[in-house]
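Chemist: With the sequence up front, the predicted model follows.
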Amino acid sequence: MMVKEELKKLGLHYANVNLGEVDVMESISNEQREQLKAALLQSGLELMDDKKSMLIEKIKNVIIEMIHYSDELPKTNFSDYLSEKLQYDYTYLSNLFSETEAITIEHFIILHKIEYVKELIIYNELNLTEIAWKLHYSSVAHLSHQFKKVTGLTPSFFKSLKNRKRETLENV
């Protein structure tokens with residue numbers, strides 16, 4: 001909503017505004033670009049012009065959407081899913097992501113899956129077996145091992161904590 005408002009203030013028309021992406025219908029002057037950049041910065045947002053930075057954000061958005069907002073994870077492996085979704089070779093995506101973020105795509109996915117597991121544990125609507133199945137873990141043991149490796153806690157101990165600490169998606 002904030003991005004839409006800033007675009008309106010500048011008299012810019014947009015086709016759509018999605019997480020991390022805006023399709024503007026007309027050419028933007030350098031002055032308008034700078035005004036938009038400054039306005040977004042005041043709101044804690046950043047305007048990205050660099051193609052590689054934009055691709056990194058697209059990778060992150062696809063992963064976040066896939067894990068946190070999809071009803072079901074893709075049946076294919078994540079590398080094929082990302083390649084298909086972004087229309088780039090996975091090796092290129094992987095190398096670019098690792099160089100820029102100092103973390104592999106696989107580890108980024110694991111961190112987000114574990115955050116989602118924490119959320120599901122806190123909601124207490126699914127048991128560990130159902131969570132493991134929902135997130136395509138091969139077993140509860142695999143989920144538990146990965147959970148402990150990332151958090152230092154077992155899922156059952158995490159569940160028993162009264163003060164459950166979760167990271168915001170931006171900090172993962």
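Modeler: Yep, it's here. Residues are numbered from 1 along each chain as shown.
Chemist: What segments of this protein are strands?
Modeler: 14-18, 21-24 (DSSP state E).
Chemist: From Glu115, how far out is the most centrally placed residue in the chain?
Modeler: Centroid-nearest residue in the chain: Ile64, 2.8 Å away (criterion: Cα atoms, centre = their mean). In this view, Ile64 and Glu115 are 10 Å apart by Cβ to Cβ, to the nearest Å. C-beta here means a position set from N, CA and C on the backbone, and glycine is covered the same way.
Chemist: for Ile122, same thing?
Modeler: Here Ile122 is placed at a distance of 11 Å from Glu115 (Cβ to Cβ).
Chemist: quick one: which of these two has more around it?
Modeler: Between Ile122 and Glu115, counted using other Cβ atoms under 10 Å, Glu115 has the larger neighbour count: 21 against 13.
Chemist: okay, that one: pLDDT?
Modeler: Looking at Glu115, its pLDDT is 95.
Chemist: ok, Glu31 - how many residues close by?
Modeler: Using other Cβ under 10 Å, Glu31 has 9 neighbouring residues.
Chemist: May I have the predicted confidence score for the closest residue in space to Ile121 that isn't next to it in sequence?
Modeler: Spatially, and ignoring its direct neighbours in sequence, Ile121 is nearest to Lys159 (5.1 Å; Cβ to Cβ, 6 or more residues apart in numbering). On the pLDDT scale, Lys159 is placed at 88.
Chemist: about what we covered before: reformat the strands of the chain as CSV; add mean neighbour count, distance to Leu47 and mean pLDDT.
Modeler: Shown next, in CSV, are the strands of the chain (neighbours: other Cβ atoms under 10 Å; distance: least, Cβ to Cβ, whole Å; pLDDT from 0 to 100):
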stretch, mean neighbour count, distance to Leu47, mean pLDDT
strand 14-18, 11, 13, 77
strand 21-24, 14, 9, 75
